[in-house]
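Asks: Okay, predicted coordinates and the sequence, questions at the end:
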Amino acid sequence: MMMKKVFAVLLAFAVQFTIWPALSTASGEELKIVPEPVSAITVNSKTISSQQAMEIFCSTFPEITANRNLVAELDEYAGNSLWRIYEADPIGLHSYRGQQVGGQIDAATGEIQSFNYNPGPDYYQCQRVTLTREQAKALALKFLQEKQPVKYEQLLLRDDLPASIPSRYLNLSYTFNWQRQVNGTAIDYDSISVGVNAYTGQITQYHCNWHELELPVEKNLISPQLMAQQLQEQIDLLPCYTEELDSMGQRTGRMVPSYRLNISAQLVDARTGQFLDYLGRQLGDTVPRLYEQDFVPLLNAPAINQTPQPQNYVDPEAALQAARNFFSQMGYNGPIRKSGSGGSSGGGIKEEHWSYSLQNPNEGRLRVEVNAYTGEVIGFNDEDYSNTLIEPVMSYAQGRDLALAAIEKYDPDKVEQVAFCQSNWEDDRGYYHYQFVRLVNGIPYNRDSINITLDGSTGKVASYLKQWRPVQCEALPPLQDPQLIKNKLWSTQNLQLSYILARDDQYVPLGESIPVYIIPYTEFNAVSGEALISSQAPQPGQDEAEPWKDHWAAPSLSLLKSNGLTPESTAPDEAMTRREILKILVLATNPRDYYGDEQKIELALADIAPDDPDLSIFKLAIQRNIIANTGEFRPDEALSREELAIWLVNSLGLQEIARIPNRIDTPFRDAGQIAAHKSNYLGLVFGLGLLTPDSKGNIRPQEKVSWAQMASVAGRLAPRALAYPGPSIIGRTLW
């Protein structure tokens, strides 16, 4: 086994110094996939053929689509026909982040609506990050001007969009977003985005959402200032709990008392001040509150410290018996069987449930769900999916009383612990959906809820699902005056006029353009008054002048900045901290974006607090054996290059090879400065091209790792992880 691993590394060294082309090209004997393009303008039929769609797609992106087994499938969306292009049976290809090549084309016009290319590791052989964000933007602009010259005139670059949930992997492309504007007014939902690979400059992503519309001449619109004043008077603040997120967007388990707007509407008509839903439909004359009831926070109540959910599965026999007991309660006494399982993970929570059904399906459709860790019945499903044409005989409000009665029947102890959240959701089968959110210390905590579906024609409970996890919560301290928070919220809002398209229930445009203001979504810490989430808080300006533009590592530093991994002021040659380096290293080797795997890790680092903002980073690093879960981590200290070599080897799962008694060659002038037990680590990362000597042949093992050095290393490391993230790389061929 060890010989296989050593062979893998030797082969890696050989490949490392072999010149590989960036893109494969077809040989002269291979069939040409892309014939002469067929212009969509010349197509007279109502729907272009799959062959025409394929020709348009491949002629637009010839290098990327060459020699791929692509197929086109006709589909419908929002009343439009489109051809979906995707790879069929990509033999020998890994699924890195979904299909490697795909997109869609409007079947009526032949216009490409989207294109996506997820390059695999072969694409990056002998490649380095070569483009800064500014250089990539020039390529994106050139692409837009060539492919969409008419639309280009109506586009405004939006690099001030709100920051999204932090990514858990290093994005190797730059993404640029443009919003459509007509006469200075934004057209909501109409936009174009372009992605440019930071290594090769190729266009790897394109998405165009565009509608034909006629904007009405509006003379009596409510001004943004007056609208903000009206909204401030109309919408109350809602005290609630929100979950704290760490720097990776993972739940920390801590609950933060918050304020948010108590409203379910997203839009307000700029002509009338009427509240609208996302389809542009009016929501009545009253303010559509998220919760009708008012909440009185229970201050200074005792802290809640419920026992965390077990990490191990419950005895299957115990789960089966729990399901059997519930079937009996529902009037079914026949034999049952385990019929499936399901679960979800993300944001720091991992759940799994087991499903049980009657052995004889003719006796009933009832399916019971049991928590796989606690053995508790968490719900059931008894829906008749064959009947899709039900005419409700009761109102949504009448059904709500029946839903509450279901809680009294199945979870009587929770009737006083929930509040009805007004989603008012009726599906096209005539089924009503209700959500009752958990109350903690008298205020909503929407992590947990009971969700109920009713048959609107019979009042029968079609499904019942309880999400109710253990709570750890400190006593609720005094909260800030909500009026002060409201004043702060609306004083910072800059409402922007936009237009939306009215749509029907199937999301088909109805032809009417509606001038609207988007109601801001903002959460404030109810104790400190600090803004936690804001739909209008821009991310740091991506296109601000980068202070390192003339530095040798400018492209790599720019890519780190684009991923949100550099502070506002970064000196390229300044030493980094161990915390900063570890965060970049974890994201650079986490391409498959596994959520929740690290949550079972019990952190034992003496100097990392349980509420550390980078908790998920440390847990992921421990889970993947990059660092040891013991002693002190020293997060604010610098890291030497030879210590970085150890982390790099660990991140690739090559520890055993580095520990072999044989000496791996370290052909450096200053090899004598390398600690004896770290020599093989530096030899490995040198052979893999991750750390290289300077022009004089010195590897500088004791030098502190700088931002420029780490940016360059991350750019070389990330493509390798596309194929073999973490320890799974052991025993495989590395390039």
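Replies: In hand now; what should we look at?
Asks: Break the protein into its domains for me.
Replies: Structural domains assigned to the chain are 32-209, 224-297+479-534, 304-382, 386-470, 554-729, following automatic domain parsing.
Asks: So for the shortest one, mean pLDDT?
Replies: Domain 304-382 shows a mean pLDDT of 90 in the predicted model.
Asks: Can you list the low-confidence ranges for the chain?
Replies: Residue ranges of the chain with pLDDT under 70: 1-45, 89-99, 160-166, 345-349, 384-390, 535-545, 591-599, 723-735.
Asks: if we can go back for a sec, which of the domains of the chain is buried the deepest?
Replies: Across the domains of the chain, averaging neighbours per residue (mean count of other Cβ atoms under 10 Å) puts domain 554-729 on top, at a mean of 19. Where C-beta positions appear, they are placed from N, C-alpha and C, glycine not excepted.
Asks: for the stretch 501-650 of the chain, what spans make up the strands?
Replies: 509-518, 522-525, 531-534 (DSSP state E, counting those that start in this stretch).
Asks: Tabulate these in CSV, adding columns for distance to Arg469.
Replies: Output for the strands of the stretch 501-650 of the chain, formatted as CSV (distance: least, Cβ to Cβ, whole Å):
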stretch, distance to Arg469
strand 509-518, 33
strand 522-525, 21
strand 531-534, 21
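Asks: and Leu131, which of those strands is closest to it?
Replies: strand 531-534 (31.2 Å; Cβ to Cβ).
Asks: hey, where'd the strands end up in the stretch 251-400 of the chain?
Replies: For the stretch 251-400 of the chain, applying DSSP E, counting those that start in this stretch gives strands covering 251-261, 267-269, 275-276, 304-305, 336-346, 349-358, 367-371, 377-381.
Asks: out of the ones you listed, nearest to Asn487?
Replies: strand 251-261 (11.9 Å).
Asks: neighbouring strands for the closest one, and are they parallel or not?
Replies: strand 237-245 (antiparallel), strand 522-525 (antiparallel) (DSSP bridges).
Asks: Dump those into TSV; add distance to Gly120 as well.
Replies: Output for these, formatted as TSV (distance: least, Cβ to Cβ, whole Å):
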stretch	distance to Gly120
strand 237-245	31
strand 522-525	39
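Asks: Could you point out which of the ones you listed sits nearest Asn67?
Replies: Asn67 lies closest to strand 237-245 among these, at 43.1 Å (Cβ to Cβ).
Asks: quick revisit: mind putting the strands of the stretch 251-400 of the chain in a markdown table, distance to Lys414 included?
Replies: Formatted as a markdown table, the strands of the stretch 251-400 of the chain follow (distance: least, Cβ to Cβ, whole Å):
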| stretch | distance to Lys414 |
| --- | --- |
| strand 251-261 | 18 |
| strand 267-269 | 34 |
| strand 275-276 | 31 |
| strand 304-305 | 15 |
| strand 336-346 | 22 |
| strand 349-358 | 18 |
| strand 367-371 | 15 |
| strand 377-381 | 12 |
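Asks: Identify whichever of those strands lies nearest to Ser706.
Replies: Among the strands of the stretch 251-400 of the chain, strand 251-261 comes nearest to Ser706, with 30.9 Å by Cβ to Cβ.
Asks: Centre of the chain to that closest one, how far?
Replies: Between the centre of strand 251-261 and the centre of its chain there are 20 Å (Cα atoms, centre = their mean, to the nearest Å).
Asks: Equivalent analysis for stretch 616-627, please.
Replies: With Cα atoms, centre = their mean, you get 20 Å for stretch 616-627.
Asks: Please save the CA atoms from it in PDB.
Replies: Only the C-alpha atoms of stretch 616-627 are listed here, as PDB (Å, rounded to 0.1, in the frame of the first residue of the first chain):
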ATOM      1  CA  SER A 616     -16.600  26.100  11.400                       C
ATOM      2  CA  ILE A 617     -13.200  26.800   9.900                       C
ATOM      3  CA  PHE A 618     -11.400  25.200  12.900                       C
ATOM      4  CA  LYS A 619     -13.800  22.300  12.900                       C
ATOM      5  CA  LEU A 620     -13.400  21.600   9.200                       C
ATOM      6  CA  ALA A 621      -9.600  21.800   9.600                       C
ATOM      7  CA  ILE A 622      -9.700  19.300  12.400                       C
ATOM      8  CA  GLN A 623     -12.200  17.000  10.700                       C
ATOM      9  CA  ARG A 624      -9.800  16.900   7.700                       C
ATOM     10  CA  ASN A 625      -6.600  16.500   9.800                       C
ATOM     11  CA  ILE A 626      -5.100  19.800   8.700                       C
ATOM     12  CA  ILE A 627      -4.500  20.800  12.400                       C
END
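Asks: so where do the helices sit in the stretch 401-550 of the chain?
Replies: Under the criterion DSSP state H, counting those that start in this stretch, helices of the stretch 401-550 of the chain are mapped to 482-491.
Asks: Tell me which of the domains of the chain lies nearest to Pro216.
Replies: For Pro216, the closest of the domains of the chain is domain 224-297+479-534, at 6.4 Å, according to Cβ to Cβ.
Asks: Ala554: what's it in contact with?
Replies: Each residue near Ala554 by Cβ atoms under 8 Å, 6 or more residues apart in numbering is listed here: 132, 546, 548.
Asks: how long is stretch 500-509 end to end?
Replies: 10 Å (Cα to Cα, to the nearest Å).
Asks: How far off centre is that stretch?
Replies: 26 Å.
Asks: Check what contacts that stretch and list those residues.
Replies: Defining contact as Cβ under 8 Å, 6+ apart, one finds that stretch 500-509 is touched by 77-79, 188-189, 211, 213, 267, 279-281, 428, 510-514, 516.
Asks: could I get the domains of the chain as JSON lines with distance to Val217?
Replies: Formatted as JSON lines, the domains of the chain follow (distance: least, Cβ to Cβ, whole Å):
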{"stretch": "domain 32-209", "distance to Val217": "10"}
{"stretch": "domain 224-297+479-534", "distance to Val217": "11"}
{"stretch": "domain 304-382", "distance to Val217": "46"}
{"stretch": "domain 386-470", "distance to Val217": "34"}
{"stretch": "domain 554-729", "distance to Val217": "41"}
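Asks: re earlier: just put the contacts of Ala554 in CSV and tack on distance to Leu144.
Replies: Shown next, in CSV, are the contacts of Ala554 (distance: Cβ to Cβ, whole Å):
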residue, distance to Leu144
Thr132, 19
Glu546, 22
Trp548, 27
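Asks: Sort out which one of those residues lies nearest Glu416 for me.
Replies: Distance to Glu416, by Cβ to Cβ, is smallest for Glu546 among these, at 56.4 Å.
Asks: show me what contacts that closest one?
Replies: Counting by Cβ under 8 Å, 6+ apart, Glu546 has contacts 132-134, 554, 557-558, 561.
Asks: what's the farthest-apart pair in these?
Replies: Glu134 and Leu557 (12.1 Å).
Asks: Now do the helices in the stretch 51-200 of the chain.
Replies: 62-65, 133-147, 149-152.
Asks: Please name the nearest non-neighbouring residue to Ala575.
Replies: Spatial nearest neighbour of Ala575, excluding adjacent residues (Cβ to Cβ, 6 or more residues apart in numbering): Lys704 at 3.9 Å.
Asks: can you check Glu642 too?
Replies: Per Cβ to Cβ, 6+ apart, closest to Glu642 is Pro701, 3.9 Å.
Asks: Please report how far Phe265 lies from Ile674.
Replies: I think there's a mix-up here, since residue 265 is Ala and not Phe. 64 Å (Cβ to Cβ, to the nearest Å).
Asks: and if you look at Val508?
Replies: 67 Å.
Asks: Then Lys409?
Replies: In this view, Lys409 and Ile674 are 71 Å apart by Cβ to Cβ.
Asks: Ok, Ser167 next?
Replies: Distance, Ser167 to Ile674, using Cβ to Cβ: 35 Å.
Asks: Could you do Thr692 as well?
Replies: Noted for Thr692: a distance of 15 Å to Ile674, by Cβ to Cβ.
Asks: With Leu279 instead?
Replies: For Leu279, the distance to Ile674 - Cβ to Cβ - is 65 Å.
Asks: Tell me who's in contact with the nearest residue to Phe176 once chain neighbours are set aside.
Replies: Of all residues not flanking Phe176 in the chain, Ala140 sits nearest, at 4.8 Å (Cβ to Cβ, 6+ apart). Contacts here follow Cβ under 8 Å, 6+ apart; on that basis Ala140 touches 174, 176, 194-196, 203.
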